[in-house]
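> Build me a structure from this.
(one chain, ligands or ions: 1)
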Amino acid sequence: MRRITVLIILSLSCLGVRAQVDSVRVVPQNDSLAVQVDTLDRPADIGSGLQFFARGNGAPVDTLDVGDGRIQIVLKDDNTWYFIKNVSALAETDLFSQCWREHIVNPYNDTPLDSIPYRVTVCLVDSVSRFVCPHKGKVFSKFGLRKGRRHTGCDVPYPTGTPVYCAFDGRVRLAERHKGYGNLVIVRHENGLETFYGHLSRIDVIAGQWVHAGDLLGLGGSTGRSSGPHLHFETRLRGHAFDPEWIVDFENGSLRKNVFVLKRSYLSPYSKYVPTSIDEEEEIYMTDEQIRAEEERIAKERAAMKYHTIRSGDTLSGIAVKYGTTVSKICSLNQGLKPTTILSLGRKIRVK
Ligand SMILES: [Zn+2]
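Sure thing, here's the model as predicted:
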């Protein structure tokens, strides 16, 4: 995508327009995704030979093809331009044509985890794509195991009727009621990810619709398996969920980074977001060897984990003695578990 942007700037340079990108905003179009780019330079800077570009009524005067045709640039007579994402070209790409099922939550069932590379570099935003936080708030239920069950997303409190916004540009793949998710919207994005928005009280989009980051997808609610109004938000790569907090800082309503290096290990149900001190550049250029070594370390750690299923008569102190550990260590391994917690039969707790 960055290469495409360079091409755009080059194309404009060829026309003698020394424009710099000042701000980018999305402009709704009926049959295309458009991004408005305002310029810093004004007609006076352009030179007398290009009066054609003098400030006018903002009417489109020309359309240029850029790169592979997925992006076009429309020049306007007021010295601004905007990008158009050519959705008919996008629809033909593998990303939007393969594993495209509009009534199945995970159409990637055949994609085994080990067929995904050790790391995948995901360009979350660039000059023609932006991010909008679906909803700002403190995550109250995180990705990972929750009372022995897998929680494939994170939950943000969300009063019923509050707008739910699309995180990135893309195409709605599924928009219907679906078991535990309740009213669910799934959007596939140009960056290769899919985002899920669950428990909505109302859905405002239909499958197949192209959407912009920031478009209204529906309203927050508590449909499906839900204990109260909240947004269940998921991020997936080829059907495999990873902790959305790797990329979204929900409290600040912002992206953590523009380029995200998704390691295969993040796609494990046990993997959780951990703030890292490793420099982003360093991560991007980590060798496969380094990533493999890290995965082996995580696998060893995981192999050492032990779980216990609560049976009649079990107490935390009894379990601690049985596994040669302490009650406080067990509590630290299980979110929300306290020495005073009443253990429900059948609950799985981590003991090592
Ligand atoms: Zn949830």
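> For the stretch 51-200 of the chain, which segments are assigned as strands?
Chain-ordered strands for the stretch 51-200 of the chain, with DSSP state E, counting those that start in this stretch as the definition, fall at 60-66, 71-76, 81-85, 119-123, 144-146, 149-151, 154-157, 163-165, 170-178, 182-189, 193-200.
> what packs against the fourth one?
For strand 119-123, the helices and strands in contact under the criterion 3 or more CB pairs under 8 Å, 6 or more residues apart in numbering; DSSP states H and E are strand 259-263. Heads up, the C-betas are built off the backbone N, CA and C, glycines and all.
> If we use 10 Å, what do you get?
Identification of packing neighbours for strand 119-123 by 3 or more CB pairs under 10 Å, 6 or more residues apart in numbering; DSSP states H and E yields strand 230-237, strand 259-263, helix 280-284, helix 288-303.
> Provide the strand pairings for it, with the direction of each partner.
As defined by DSSP bridges, the strand partners of strand 119-123 come to strand 259-263 (antiparallel).
> ok, now the first one?
Paired with strand 60-66 in the same sheet, following DSSP bridges, are strand 71-76 (antiparallel).
> before we move on, back to that, format the strands of the stretch 51-200 of the chain as TSV; extra columns: mean neighbour count and distance to residue 349.
What follows is these, written out as TSV (neighbours: other CB atoms under 10 Å; distance: least, CB to CB, whole Å):
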stretch	mean neighbour count	distance to residue 349
strand 60-66	14	56
strand 71-76	20	52
strand 81-85	22	49
strand 119-123	17	32
strand 144-146	16	10
strand 149-151	13	13
strand 154-157	21	21
strand 163-165	19	34
strand 170-178	20	30
strand 182-189	23	28
strand 193-200	26	26
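> out of those strands, which comes closest to the ion?
For the ion, the closest of the strands of the stretch 51-200 of the chain is strand 154-157, at 4.2 Å, according to CB to the ion.
> Okay, now the unreliable bits of the stretch 51-200 of the chain?
Low-confidence regions of the stretch 51-200 of the chain, defined by pLDDT under 70, span residues 51-57, 67-68.
> near the ion, which residues of it show up?
Counting by CB under 5 Å from the ion, the positions of the stretch 51-200 of the chain adjacent to the ion are residue 155.
> Spatially nearest residue to the residue of the stretch 151-300 of the chain found nearest the ion (excluding sequence neighbours)?
Nearest residue of the stretch 151-300 of the chain to the ion: residue 232, at 3.4 Å (CB to the ion). Nearest residue to residue 232, sequence neighbours excluded (CB to CB, 6 or more residues apart in numbering): residue 198, at 3.6 Å.
> my guess is that neighbour contacts residue 176, does it?
No. Between residue 198 and residue 176 no contact is recorded; they are 11.7 Å apart, counting by CB atoms under 10 Å.
> Find the residues that touch each one of those two.
Residues touching both residue 198 and residue 176 by CB atoms under 10 Å, 6 or more residues apart in numbering: 183-186.
> on that earlier part again, ok, how many other residues are close to the residue of the stretch 151-300 of the chain closest to the ion?
One way to gauge burial is a neighbour count; for residue 232, by other CB atoms under 10 Å, it gives 24.
> ok, it to residue 180 distance?
Remark: distance between residue 232 and residue 180 (CB to CB, to the nearest Å) = 9 Å.
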